[in-house]
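In: coords please:
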Amino acid sequence: MEGMVRLNATRMARLAAVVPLVLLVAACGGGGDDSQQPANAQHPAALGHVDAAPLGLVELETVRAALSTGQGILSGARQPAAVRVHVPAAQSWPVPVLAVYDVAASSGTAHLAVLLDKPNPSAQLVATESAVLDAPEPAFDTDAAGYVRMGAPASGLAAAYVQFMQATVHGTPAPSPAPFAPGKLTSEAAAQDAALLSDPVGHSKGVLSSVDLDFAAGAASAPVFGLAGGGGFTLVAARRVETLHPAQGRALLQDAQRRNYGADLAPGQYAQITVQSLMVLAARIPAGGAPAEAVGSGGGVYQEG
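Out: Got it, this is the predicted structure:
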């Protein structure tokens, strides 16, 4: 089957690089029929058509917020300084593709990792998850042609992360060993949420009486791209649902500029507000079974009400 689905670089390189709006990267024109031709690591322009799901939820929120406030969706076109495309050596449908865009940011260069999926020969590439990495992506374990040797999918990592967050935030026993090493995106984030739940009045200066907070695993497949020297790299997704309840006799006020509770929530007073968001972690998985390391994050709010 591998020879039947091998993504061809020559055909795919004719297509332009397009990334989701949420990544704030300018798109370039182009065209071509890639229906039988997957991508190649040596040709960054191989990312031709990109749909967005479940990232589409976050992008639609971005568009709705722009329409609601009369502000632009993009603060300015930012052409990537470099694009690196990493494609599996052994391929069968669906084929995962990892693209990393180097984009100018206020603090230097941002490294945007986008996990794409080509479900079948005639389908467009679908951007399923993205994360801003703390540093450029690690070196991958590749064959002589530059294709990445893949590991077993980290199918349980997102669920384990959700179990850890849910347990830690609500003060129940967490899974042992922890799925991720301690850090700002894992244990520290859970501790901040736990503090909010334990003292919503204090953390909100008396505005809130209580907060409901729950996590659920995303539906992404978490393909693992093998790393040089062992281990792997993937992106995992989780959903976060937070409901805010005001202090007795009070309402939650969304100001006219929509600064208090997100741009998509209309101005007014609310008996409660629920914010749903997509959380994405870039994960470096060590060889030997040690906890994964969170090396980047992404996602965003996709619904408020």
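
In: Show the pLDDT at the nearest residue in space to residue 260 that is not next to it in sequence.
Out: Using Cβ to Cβ, 6 or more residues apart in numbering and skipping the chain neighbours, the partner closest in space to residue 260 is residue 254 (5.4 Å). To be clear about C-beta, it is placed using only N, CA and C from the backbone, and glycine gets the same treatment. What the model reports as pLDDT for residue 254 is 83.

In: how close does residue 254 sit to residue 196?
Out: Computed as Cβ to Cβ, to the nearest Å, the residue 254 to residue 196 distance reads 19 Å.

In: Residue 143 now?
Out: Residue 143 sits 48 Å away from residue 196, taking Cβ to Cβ as the criterion.

In: Over to residue 229?
Out: On the measure of Cβ to Cβ, residue 229 and residue 196 end up 39 Å apart.

In: okay, these two: which has more neighbours?
Out: The residue with more neighbours, out of residue 229 and residue 196 and counting by other Cβ atoms under 10 Å, is residue 196; that gives 18 against 9.

In: Backbone dihedrals for that one, both of them.
Out: phi -60, psi -40 (degrees, to the nearest 10).

In: Strands of the stretch 201-305 of the chain, start to end?
Out: 208-217, 224-226, 232-246, 252-254, 268-270, 273-285, 293-304 (DSSP state E, counting those that start in this stretch).

In: among the ones you listed, which is nearest residue 130?
Out: When those are ranked by proximity to residue 130, the top entry is strand 293-304, at 4.8 Å, counting by Cβ to Cβ.

In: Quick check: can you name the pairing partners of that closest one and their directions?
Out: Applying DSSP bridges, strand 293-304 is found paired with strand 125-133 (antiparallel), strand 273-285 (antiparallel).

In: would a markdown table of the strands of the stretch 201-305 of the chain with mean neighbour count and distance to residue 155 be doable?
Out: Compiled in a markdown table, the strands of the stretch 201-305 of the chain are given as follows (neighbours: other Cβ atoms under 10 Å; distance: least, Cβ to Cβ, whole Å):
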| stretch | mean neighbour count | distance to residue 155 |
| --- | --- | --- |
| strand 208-217 | 16 | 10 |
| strand 224-226 | 22 | 10 |
| strand 232-246 | 22 | 10 |
| strand 252-254 | 18 | 38 |
| strand 268-270 | 13 | 38 |
| strand 273-285 | 22 | 12 |
| strand 293-304 | 21 | 18 |
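
In: got TSV for these, with distance to residue 153 too?
Out: Putting the strands of the stretch 201-305 of the chain into TSV (distance: least, Cβ to Cβ, whole Å) gives the following:
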stretch	distance to residue 153
strand 208-217	14
strand 224-226	6
strand 232-246	8
strand 252-254	41
strand 268-270	41
strand 273-285	11
strand 293-304	18
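
In: closest to residue 184 out of the ones you listed?
Out: In this view, the strands of the stretch 201-305 of the chain are compared for proximity to residue 184 by Cβ to Cβ, and strand 293-304 is the closest at 8.0 Å.

In: hmm, who's touching the closest one?
Out: 22, 57-58, 60-62, 111, 113, 129-135, 180-181, 183, 185-186, 235, 237, 261-262, 264-265, 273-286 (Cβ atoms under 8 Å, 6 or more residues apart in numbering).

In: quick one: low-confidence ranges for the chain?
Out: Counting by pLDDT under 70, the chain contains low-confidence residues at 1-78, 220.
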